[in-house]
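Peer 1: just the structure for this:
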Amino acid sequence: MLLALMQALAIGLTWHLWQVRTAAGDAPNLPLIESGWIQHMQFGFGWPLLLSLVLAVAWPKVGIAAHCGLLVLAIGLDQLRIQPEFVSVAILLVGTLPGEGPRRLARWHLIALWFWAGLHKLFSTGYLFDAGPRMWTDTIGGLSREAAVGLSLATAVFELGLGIAAIVPRARRCVPWLAAVLHLGVLFSLIVQQWNPAVWPWNVAVIAAAIGLFGREQETGGKGRETGATRPWAAWSWNVAAAVALLHPGLYYMGLADAYLSWCVYSSNTPDATLYSAGADPRIDAAIQAGESLDPATLDDALAEATGEELPFKHYGSLNVPFSPAPRLYTQYFRRVGQPGELLVIDDPRPLSAWRHRGRIVLVTSPERKVLAWRP
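Peer 2: Predicted structure coming up:
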């Protein structure tokens with residue numbers, strides 16, 4: 001019941017995200033398939049999702065299946081809804097179903113969440129020397145730069161170590177306590193900063209799930225309480241799902257998985273995008289008008305002098321969540337709302353993207369409202 005309540009609270013905090021958005025200035029819905037008939041299928045998902053959570057409490061199998069199905073459909077009709085908190089809690093809800101299979105999936109999901117979230121931070125210089133220290137100094141005033149960097153490194157190692165501890169049978173008894181320390185700390189920091197309230201319920205849900213999935217009474221692995229999961233095909237299906245949950249985040253570095261579905265949270269290693277309005281720099285305007293691209297050196301010089309707007313937080317005030325950081329979504333958004341003379345710069349920090357010459361993508365909107373790509 002607590003998990004359903006936390007999911008409902010998060011949906012309430014992000015109500016506008018689940019609606020059809022057509023008003024000027026709103027972030028448009030970004031469906032997985034761009035089509036006129038898809039646009040006509042858009043409807044508000046807020047109330048159906050809440051009703052499915054009520055059903056999940058009264059009739060778990062049907063309600064949880066309905067909630068997961070609605071969530072998948074909602075994301076398919078608007079990819080801005082790819083937010084880690086909703087996907088994670090939905091998986092944890094599945095873990096409350098009877099049988100060892102669902103519990104195994106939920107356990108490995110938490111292992112993947114902690115392991116990969118910590119590893120992403122250790123791989124990210126942006127986290128270690130900027131975002132991480134800032135979170136610490138914004139939470140605890142008066143910290144020195146060195147102390148904030150050290151605490152950021154310790155946080156990433158702690159998170160990674162929690163994922164490893166959850167794998168080791170003898171260490172699992174400590175997992176609920178360690179998870180409570182980690183997520184209560186995150187929750188405290190976010191409340192102090194009054195930042196990202198949509199994920200506050202998620203942290204509470206993860207603590208509750210860790211207690212239920214890794215507590216002392218769970219050490220037998222749920223033997224003797226099996227249902228249909230004892231059938232070979234069902235057991236194999238749950239094992240495959242658990243393996244996907246664990247390994248899928250690694251695909252992020254190959255460009256085959258979204259950042260938020262790979263548990264890149266507060267890691268500063270995600271694609272970024274900056275939107276420049278018409279008139280940002282005369283050289284950019286002249287090139288767009290002439291239908292020509294600027295050479296990389298001139299473009300870098302022009303952008304250094306221009307003022308842009310960070311796209312990930314452009315609509316944060318109304319949606320209460322940041323933009324899901326994926327180059328394809330930045331591009332789709334710009335194609336839908338870009339105005340003549342505007343320019344969008346997408347930076348992807350993943351090494352494979354640089355190797356494929358896609359570390360930086362520059363899009364412009366021509367006077368004829370066509371979106372063109374400038375190849376740096």
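
Peer 1: only C-alpha atoms for contact and neighbour calcs from this point on.
Peer 2: Fine.

Peer 1: low-confidence ranges, this structure, go.
Peer 2: By pLDDT under 70, the low-scoring segments of the chain are 216-230, 376.

Peer 1: can you give me the strands for it?
Peer 2: 272-276, 309-310, 343-347, 360-365, 371-374 (DSSP state E).

Peer 1: closest one to Leu113 among those strands?
Peer 2: Proximity to Leu113 (Cα to Cα) singles out strand 272-276 among the strands of the chain, at 21.9 Å.

Peer 1: Tyr266 contacts Leu128, doesn't it?
Peer 2: No: using Cα atoms under 8 Å, Tyr266 is not in contact with Leu128; the gap is 10.4 Å.

Peer 1: which residues are in contact with both of the two?
Peer 2: Residues touching both Tyr266 and Leu128 (Cα atoms under 8 Å, 6 or more residues apart in numbering): Lys121.

Peer 1: comparing the two, which shows the higher neighbour count?
Peer 2: Leu128 (24 against 17; other Cα atoms under 10 Å).

Peer 1: which residues does that one contact?
Peer 2: Contacts of Leu128 (Cα under 8 Å, 6+ apart): 121-122, 149, 152-153.

Peer 1: go on, Glu310?
Peer 2: Listed by Cα under 8 Å, 6+ apart, the contact partners of Glu310 are 272-275.

Peer 1: any idea how far Asp272 is from it?
Peer 2: 8 Å (Cα to Cα, to the nearest Å).

Peer 1: about what we covered before: CSV for the strands of the chain, including distance to Arg134?
Peer 2: Output for the strands of the chain, formatted as CSV (distance: least, Cα to Cα, whole Å):
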stretch, distance to Arg134
strand 272-276, 18
strand 309-310, 18
strand 343-347, 22
strand 360-365, 26
strand 371-374, 34
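
Peer 1: go through those and name the closest to Ala166.
Peer 2: strand 272-276 (32.3 Å).

Peer 1: next, the angle from the closest one to strand 343-347.
Peer 2: Angle of strand 272-276 versus strand 343-347, following axes from the mean of the first three to the mean of the last three Cα atoms, to 10 degrees, is 160 degrees.

Peer 1: helices or strands up against strand 272-276?
Peer 2: strand 309-310, strand 343-347 (3 or more Cα pairs under 8 Å, 6 or more residues apart in numbering; DSSP states H and E).
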